[in-house]
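Student: here are the coordinates; sequence isn't available:
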C-alpha cells in the first residue's frame with residue numbers, strides 16, 4: 001500500500017499504522033507520542049499527542065476524515081494522504097493537548113531526574129505556551145515508594161498506562177494499576193503492596209516523564225554530566241545488553257538501550273539495573289550515540305577531531321615591532337628621528 005505523509009510517499013504492509021509509517025519516513029513528519037510504545041501490545045490512543053489530519057481516506061474512498069485521528073491506532077489505507085507537521089489544525093491540536101497534559105504537571109524540571117531526556121519536556125518545548133491559563137488548584141500527591149528501588153511521583157504522571165502494560169506483559173502478577181476515575185485517576189499499588197518482581201525496573205525506562213524514578217540514582221547527577229556507554233554482561237535472566245551511565249570511573253545508573261524514539265530495544269532485569277554498578281561487572285562496547293540536538297550530547301565529542309591551527313603574525317602576543325616602537329618599549333627604544341617626529345606632532349597640536 002502507498003501512503004503519503006506531508007508530501008512524502010512510502011510503501012507499507014497492510015496493518016501498518018500511520019505513526020509506524022511516519023517513523024519509516026523519519027524526520028519532522030513523525031508525530032510525537034507519549035503513550036504509544038511499539039514493544040507493548042495495546043498501547044496508544046490515550047494521550048492524543050499524535051493527532052494527524054487525513055486529507056484523503058483512500059483511493060477507494062477519497063473523502064477526508066472530518067476529525068483529527070490518533071495516528072498510533074489508525075491503520076493506513078492504499079492511497080491515503082495525511083497532513084502532520086504541515087497542517088495548522090494539527091499544530092493547534094498539539095498545542096491544546098500539551099496544555100492539557102501540563103494542567104496538573106508541576107514545574108519540577110530543575111530537580112527532576114528525568115530532565116534532559118523527558119518526552120514531555122520535548123513536547124512542551126515545541127508546542128507549549130509560555131504561560132498557563134489554569135487558575136484552579138493543581139492536584140497533589142505525596143511521593144510513594146512502590147518498591148525497594150522505585151519511587152512514584154504521582155504529581156508528574158500523565159496516565160499513559162505504559163507502566164501498567166509493562167507489569168501486565170512482562171510479569172505474572174501485577175500489583176499496581178490505575179485507581180479511581182476521571183480527574184481522580186492515579187497510579188498506585190493494591191493496598192500499598194510493593195512491586196518486587198524481577199522486571200519491575202523497566203517501568204522506569206518506559207515512563208515518558210519523571211513519575212517513576214530510580215532510587216539508586218536519585219539526585220546523584222544530571223544526565224548531561226554522565227557519559228553513556230553501551231555495555232553487556234552474561235546474565236541468566238535477560239539479554240544483559242544495557243547502557244551504563246558513567247561519571248568518571250563510577251557507574252551511576254544502568255538502563256536499557258533506547259532507540260531514537262526513546263523506546264528500549266530489549267527489556268532488562270533488576271539484577272543488571274540495580275545490583276551491578278561496578279566497572280568490572282561489564283564489558284564496555286563503546287560510547288552511546290544520541291540525536292544531535294539532545295542535551296546529553298553537550299560537551300561530548302565522539303567523532304575524530306582534527307587539530308586546528310590558526311596562522312598568526314610573528315610575536316603577536318608580544319606585540320608587533322611597529323607597535324612596540326610607538327609605545328617606546330624598553331626592548332626597542334625610540335630613535336632620534338622618532339623623538340623629533342613626536343615633538344613636531346605635539347607642537348602642531
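Tutor: Looks like it came in fine. No experiment lies behind these values; they were computed from the predicted model shown.
Student: now residue 211. Nearest residue, chain neighbours left out?
Tutor: In space, residue 211 comes closest to residue 157 once its chain neighbours are excluded; the distance is 4.0 Å by CB to CB, 6 or more residues apart in numbering. In short, each C-beta sits where N, CA and C put it, glycine included.
Student: next, residue 99: phi, psi?
Tutor: When read as degrees, to the nearest 10, the backbone of residue 99 gives phi -60, psi -40.
Student: ok, back up a step: residue 210 is in contact with the residue nearest to residue 211, correct?
Tutor: No. Applying CB atoms under 8 Å as the test, residue 157 and residue 210 come out as separate, 9.3 Å apart.
Student: chain center to stretch 146-159: distance?
Tutor: 19 Å (CA atoms, centre = their mean, to the nearest Å).
Student: end to end, how far does that stretch reach?
Tutor: Chord length of stretch 146-159, first to last residue, is 16 Å (CA to CA, to the nearest Å).
Student: kindly report the same for stretch 275-285.
Tutor: For stretch 275-285, the separation between the terminal residues is 20 Å (CA to CA).
Student: buried ones in it?
Tutor: Within stretch 275-285, the residues scored as buried using 16 or more other CB atoms under 10 Å are 276, 277, 282.
Student: could I get those residues as JSON lines with distance to residue 20 and pLDDT?
Tutor: Output for those, formatted as JSON lines (distance: CB to CB, whole Å; pLDDT from 0 to 100):
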{"residue": "276", "distance to residue 20": "34", "pLDDT": "90"}
{"residue": "277", "distance to residue 20": "36", "pLDDT": "90"}
{"residue": "282", "distance to residue 20": "33", "pLDDT": "93"}
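Student: domain parsing for the chain?
Tutor: The chain breaks down into these domains under the TED database: 2-97, 104-219, 220-327.
Student: which stretches in the stretch 201-349 of the chain count as helices?
Tutor: Counting by DSSP state H, counting those that start in this stretch, the stretch 201-349 of the chain has helices at residues 202-206, 270, 321-326, 336-348.
Student: lowest average pLDDT across these?
Tutor: With a mean of 58, helix 321-326 has the lowest mean pLDDT of the helices of the stretch 201-349 of the chain.
Student: ok, back up a step: tell me which of the buried residues of stretch 275-285 is nearest to residue 253?
Tutor: residue 277 (8.0 Å; CB to CB).
Student: what bridges to the residue nearest to the closest one when sequence neighbours are not counted?
Tutor: With sequence-adjacent residues excluded and distances taken as CB to CB, 6+ apart, residue 277 is closest to residue 251, at 4.7 Å. Beta-bridge pairing for residue 251 (DSSP bridges): residue 246.
Student: which parts of the stretch 1-150 of the chain are strands?
Tutor: 2-5, 8-11, 51-56, 69-70, 81-83, 144-145, 150-152 (DSSP state E, counting those that start in this stretch).
Student: how about residues contacting the second one?
Tutor: Contacting residues not belonging to strand 8-11 are listed as 1, 2, 3, 4, 21, 24, 25, 29 [CB atoms under 8 Å, 6 or more residues apart in numbering].
Student: contacts only, for the fourth one.
Tutor: Okay, so that is residue 4. 10, 80, 81, 82.
Student: and it, what pLDDT?
Tutor: Residue 4 carries a pLDDT value of 93.
Student: was I right to think residue 109 contacts residue 121?
Tutor: Yes. Using CB under 8 Å, residue 109 makes contact with residue 121 at a distance of 6.6 Å.
Student: overlap in contacts, these two.
Tutor: By CB under 8 Å, 6+ apart, the residues touching both residue 109 and residue 121 are residue 115.
Student: so between the two, which is more surrounded?
Tutor: The neighbour comparison of residue 109 against residue 121 (other CB atoms under 10 Å) goes to residue 121, with 19 against 16.
Student: what's the distance between the more buried one and residue 43?
Tutor: Applying CB to CB, to the nearest Å, the value for residue 121 to residue 43 is 21 Å.
Student: OK, contacts around residue 253?
Tutor: For residue 253, the contact set (CB under 8 Å, 6+ apart) comprises 214, 216, 217, 220, 226, 244, 245.
Student: try it again with 7 Å
Tutor: Shown in contact with residue 253 (CB atoms under 7 Å, 6 or more residues apart in numbering): 214, 216, 217, 245.
Student: and which of those is nearest residue 336?
Tutor: Checking the contacts of residue 253 one by one against residue 336 (CB to CB), the nearest turns out to be residue 245, at 71.0 Å.
Student: what sits closest to the closest one if chain neighbours are left out?
Tutor: residue 226 (4.0 Å).
Student: what's the closest of the strands of the stretch 1-150 of the chain to residue 178?
Tutor: strand 150-152 (12.5 Å).
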